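1. Please work out how this folds:
(chains A and B)
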2 protein chains.
Amino acid sequence: MSRRVHIREVGPRDGFQNEPERIATDDKIRLIEALARAGFERIEVASFVRPDVIPQLADGVEVLNRIDVPERVKLMVLIPNSRGLDNALKVRERFHEAAIFVSASETHNKKNVNRTVAETMADNAVMAKRIRAEGLDCAAVVATSFGCPYEGKVALGRVLDLAERFAEAGATEIGFGDTTGMCNPAYAREFFAAALERLPGVEVTAHFHNTRGQGLANAYAALEAGCTSFESSFGELGGCPVPKGSTGNIATEDLVSMFHEMGVETGLDLPAVIEAAREAQRVLGRTLTSHSLIAGPIEWHLNDERIHA
Amino acid sequence: MSRRVHIREVGPRDGFQNEPERIATDDKIRLIEALARAGFERIEVASFVRPDVIPQLADGVEVLNRIDVPERVKLMVLIPNSRGLDNALKVRERFHEAAIFVSASETHNKKNVNRTVAETMADNAVMAKRIRAEGLDCAAVVATSFGCPYEGKVALGRVLDLAERFAEAGATEIGFGDTTGMCNPAYAREFFAAALERLPGVEVTAHFHNTRGQGLANAYAALEAGCTSFESSFGELGGCPVPKGSTGNIATEDLVSMFHEMGVETGLDLPAVIEAAREAQRVLGRTLTSHSLIAGPIEWHLNDERIHA
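-> Coordinates of the predicted model:
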């Protein structure tokens, strides 16, 4: 089991995207900068989807232009199609990683981007080459890797075939997304062992949801299989909550808490991550659902006046 | 990894105990009978603590006398001391398993039962013999097995020494309780591998809390280490929520969901467990925190109108 992992914070894109109330650009910037101070080396901060489709992320260029983060922080933007890439490249010097994606399930891909998987992959291959030609890192995401809400189980071979095509097209990282939280730890272990074997030289990233409470169990199982790259969202924000009302992304602070308790380094300052989630709570005006927001890091457990009063 | 596990439902004792509002005896009985119908073969239903200490459980004898469950269901009662055992044995024919306990940490034991560990264990040895002499199963519980909120880490050897003494005294089952949720999956795996090796012929039971969201990860790790006996609480009820406001016991419906998705049999009807938790929600008049209460079993995911509308 590896003693060091890397976590990309996806809350400012994947999390904020699901917020019904518009978040002020100033608040977004303050939260991203707080996350950068907590030690993240990778943060997903914007999406180049059409503003009329996701108005919440319409200020992406302004966010990119205004955030002030240390050199070590690589900023990621999500690119849905070639037009999105055209727009992103207008601020090419403001980010470092571009993410492209496809759904492993035909039905989910059709409903998500209204194209077939083959059409999406053809466009993705062109985009990957353009992204790499710009000197940017290209992270490819395979959504519904562990199950599709319409089709059910998705064959492992199908998912890895898509991943391999992404790698051939130039992707330096492949993320596997549990879009609606259908993975379980036994399958996570089998899946990541197979993915790591099939994709040598490519960074393999796990993106789990906590829909049935198994998110951290899946992360532990993936770690055991050799995976060292994870994505999560501070405050357990966002991430396609399906079924409605359920939690989506795993909470960064809970993931970090688990890794630290196991002696696995993340390079992150857990209290600072929790403080960023608390600030998100204040900005959004509602109680967020991560466990560590209530319980704090385990070190606090021993010194918590709520226990020892 | 085993393909079959056994889950004891502890909600009617460990869960209800923490409810501030008195639950009507009729409601308790209806909920226990609903759990029995869901397929549990083991349910913890009462505690023989002093009624002035835990008024919520003062109707334990009435609950035991009135519940009507199938023959296969073994009912457990918690016994804090010899006086409690005296009282329990007055209704000896109404239950099958008696649980005795100690905290592995000296400070926690003192604060919990106001005696030293040595004093508690001396009394426990006498109680174990009396319980076995009555033809009852004796389950011994080591609380704070994975950490103490006052002392921090608790040595594995110290916990297993106590377990061995329980086994020598006649306990047929030893449960290891993560009383304030300080375990992590790497330690769960190490711990249960060691416990199973050290305690041949004794049933080794895992009792995890979800304080930092790691409850199911710990259960998966324990399963991987060979553990096949678990305790959990429907609706994620109760279980010493420390720090205040945090969740305690892992939710039975989430644990069952994870096992079933991995192809591990529990003998339980998951929709019936969820329905029992929903009924508990109605009785308690508040929203409970388990994930499966919202998301449902994974089979529903594919047919959920909230997704497919």
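2. okay, CA-based contacts and neighbour counts for the rest of this
-> Will do.
3. Could you pull out the strands in the stretch 201-309 of chain A for me?
-> Assigned by DSSP state E, counting those that start in this stretch, the strands in the stretch 201-309 of chain A fall at A:203-207, A:229-232.
4. pLDDT below threshold where in the stretch 1-150 of chain A?
-> Within the stretch 1-150 of chain A, no range satisfies pLDDT under 70.
5. rewinding a little: to A:Glu9, which of the strands of the stretch 201-309 of chain A lies closest?
-> A:Glu9 sits nearest to strand A:229-232 of all the strands of the stretch 201-309 of chain A, at 5.5 Å, using C-alpha to C-alpha.
6. Are that closest one and chain B in contact anywhere?
-> No: using C-alpha under 8 Å from any C-alpha of the partner chain, strand A:229-232 stays clear of chain B, with a minimum separation of 13.8 Å.
7. what about that strand, average pLDDT?
-> For strand A:229-232, mean pLDDT is 98.
8. one step back: can you add mean neighbour count and give the strands of the stretch 201-309 of chain A back as a markdown table?
-> Below are the strands of the stretch 201-309 of chain A laid out as a markdown table (neighbours: other C-alpha atoms under 10 Å in any protein chain shown):
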| stretch | mean neighbour count |
| --- | --- |
| strand A:203-207 | 24 |
| strand A:229-232 | 25 |
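9. With distance to A:Gly170 as added columns, please give those strands in CSV.
-> Formatted as CSV, the strands of the stretch 201-309 of chain A follow (distance: least, C-alpha to C-alpha, whole Å):
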stretch, distance to A:Gly170
strand A:203-207, 12
strand A:229-232, 19
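10. show me the contacts for A:Gly15.
-> The neighbours of A:Gly15, taking C-alpha atoms under 8 Å, 6 or more residues apart in numbering or on different chains as the test, are A:233, A:236-239, A:249.
11. Return the closest of these with respect to chain B.
-> Chain B lies nearest to A:Glu236 out of these, by C-alpha to the nearest C-alpha, at 11.3 Å.
12. Tell me how far that closest one lies from A:His291.
-> 9 Å (C-alpha to C-alpha, to the nearest Å).
13. One more: A:Ala34?
-> 20 Å.
14. the more surrounded of the two?
-> A:His291 (23 against 19; other C-alpha atoms under 10 Å in any protein chain shown).
15. what pLDDT does that one get?
-> pLDDT at A:His291 comes out at 94.
16. try A:Arg306
-> Value for A:Arg306, per-residue pLDDT: 57.
17. Check A:Asp161 too.
-> pLDDT, A:Asp161: 98.
18. A:Arg37: neighbouring residues, count only.
-> Neighbours around A:Arg37, by other C-alpha under 10 Å: 18.
19. tell me the contacts of it?
-> So A:Arg37 contacts A:69, A:272 (C-alpha under 8 Å, 6+ apart).
20. any idea how far the residue in chain A that chain B sits nearest to lies from B:His291?
-> Residue of chain A nearest chain B, by C-alpha to the nearest C-alpha: A:Ala217 (3.7 Å). Separation of A:Ala217 from B:His291 (C-alpha to C-alpha): 14 Å.
21. next one: A:Glu33
-> 31 Å.
22. pLDDT score for the nearest residue to the residue of chain A closest to chain B once chain neighbours are set aside?
-> Among residues not flanking A:Ala217 along the chain, B:Ala217 sits closest, at 3.7 Å (C-alpha to C-alpha, 6 or more residues apart in numbering or on different chains). Note on B:Ala217: pLDDT of 98.
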